[in-house]
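> Here's my sequence, what's the structure:
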Amino acid sequence: MNGLIALVGSGEFTAAMVDVDRGLLAATGRDKPRVAIVPAASWPDGERVYNRWMAQGEEHFAALGAEPLPIRLRDLTTANDSASLAGIDEADLVYFSGGKPGYLLSLLRDTAAGAALDRARARGAVLAGCSAGAMVLGSHQLSMGGLRATKTPVFWQKSLGFVPGIVVVPHYDAIPEALLMPLILAAPRGDLVVGIDEKTALVGRDGGWQVEGRGRVTIWRGSHRRRHRAGSDVSL
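Sure thing, here's the model as predicted:
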């Protein structure tokens, strides 16, 4: 990995993440970091929801002394429009908020938006994803149909792989672990399952990771579970 990366279970753009986000901004080394706000995963929920997340992200990071850059990524047209994506190439921190992970992945795979993200990481930009935004950063992600009902077959997609060898499960403490077990045990061979509690982040650089926020991170290596509290170092 180049630069810091943060996987967040929930709570983007809220007071619960202020300390985490201050650390991400400090890691850029800039006095006034430029932050690309990307609420693209929420577009399927409607323009009103999308605009609310955009405004919340801009307000949140402006209050922390950063320069917000709204990224109007919404569909495949904007995913291949250089004007809509210009802020990603300028950003010191790129932040993907929550929504529909499959939809977000479709906008970042084999598109100009995905290429811009690759360039940002190559030059050392900090990358953060919350909920759906965190899911797409691992090696694989679970089709959300697999969480809606036990009768729905588990389906795994290849994700972007910015954090190789993991599957991210956000909102981990909001879902009964017993219901997650069949999915955990069916994870792609070789991938760790990383369960991230709400209002909690797993932040890392160059293979070294630390839990930040109010909750825990649960790591599954096959059927073996280990929990890590805030301040704990984690090896992935």
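
> going forward, measure contacts between C-alpha atoms and count neighbours the same way
Noted.

> The helix or strand of the chain with the lowest mean pLDDT: what's the following helix or strand?
Counting by mean pLDDT, DSSP states H and E, the chain has its least confident helix or strand at helix 145-148, which shows a mean of 44. As assigned by DSSP states H and E, the chain's next helix or strand after helix 145-148 is strand 156-158.

> neighbouring strands for that next one, and are they parallel or not?
strand 140-142 (antiparallel) (DSSP bridges).

> Flag every buried residue along the partner strand.
Going by neighbour count (16 or more other C-alpha atoms under 10 Å), the buried part of strand 140-142 is His140, Gln141, Leu142.

> ok, the closest residue to the last one other than its chain neighbours to Leu183 distance?
Okay, so that is Leu142. Residue nearest to Leu142 in three dimensions, not counting chain neighbours: Trp156, with 4.8 Å by C-alpha to C-alpha, 6 or more residues apart in numbering. Distance of Trp156 to Leu183, given as C-alpha to C-alpha, to the nearest Å: 10 Å.

> Kindly report the same for Val18.
For Val18, the distance to Leu183 - C-alpha to C-alpha - is 32 Å.

> One more: Glu212?
Glu212 is 25 Å from Leu183, by C-alpha to C-alpha.

> ok, these two, which is more surrounded?
Glu212 (24 against 18; other C-alpha atoms under 10 Å).

> which outside residues touch the helix of greatest length in the chain?
Taking DSSP state H as the criterion, the chain has its longest helix at helix 47-63. By C-alpha atoms under 8 Å, 6 or more residues apart in numbering, the residues outside helix 47-63 that reach it are 12-14, 35, 37-40, 42-43, 67-70, 97.

> Off-centre distance for it?
16 Å (C-alpha atoms, centre = their mean, to the nearest Å).

> Could you list the low-confidence segments of this protein?
1-2, 144-154 (pLDDT under 70).

> For Glu67, name its beta-bridge partners.
Counting by DSSP bridges, the residues bridging with Glu67 are Arg34.

> which residues of the protein fall in strands?
5-8, 34-38, 67-70, 93-96, 126-130, 140-142, 156-158, 166-169, 192-196, 200-205, 208-213, 216-221, 224-229, 233-235 (DSSP state E).

> Most tightly packed of these?
For the strands of the chain, average neighbour numbers computed from mean count of other C-alpha atoms under 10 Å are highest in strand 5-8, which has a mean of 30.

> so which of the contacts of helix 47-63 comes closest to Arg229?
Glu12 (19.3 Å; C-alpha to C-alpha).

> Next, count neighbours for that closest one.
26.

> Over to the one 3 residues further on?
When neighbours are defined as other C-alpha under 10 Å, Ala15 has 12 of them.

> I'd like the distance between it and Gln141.
Ala15 is 28 Å from Gln141, by C-alpha to C-alpha.

> Great, nothing more from me.
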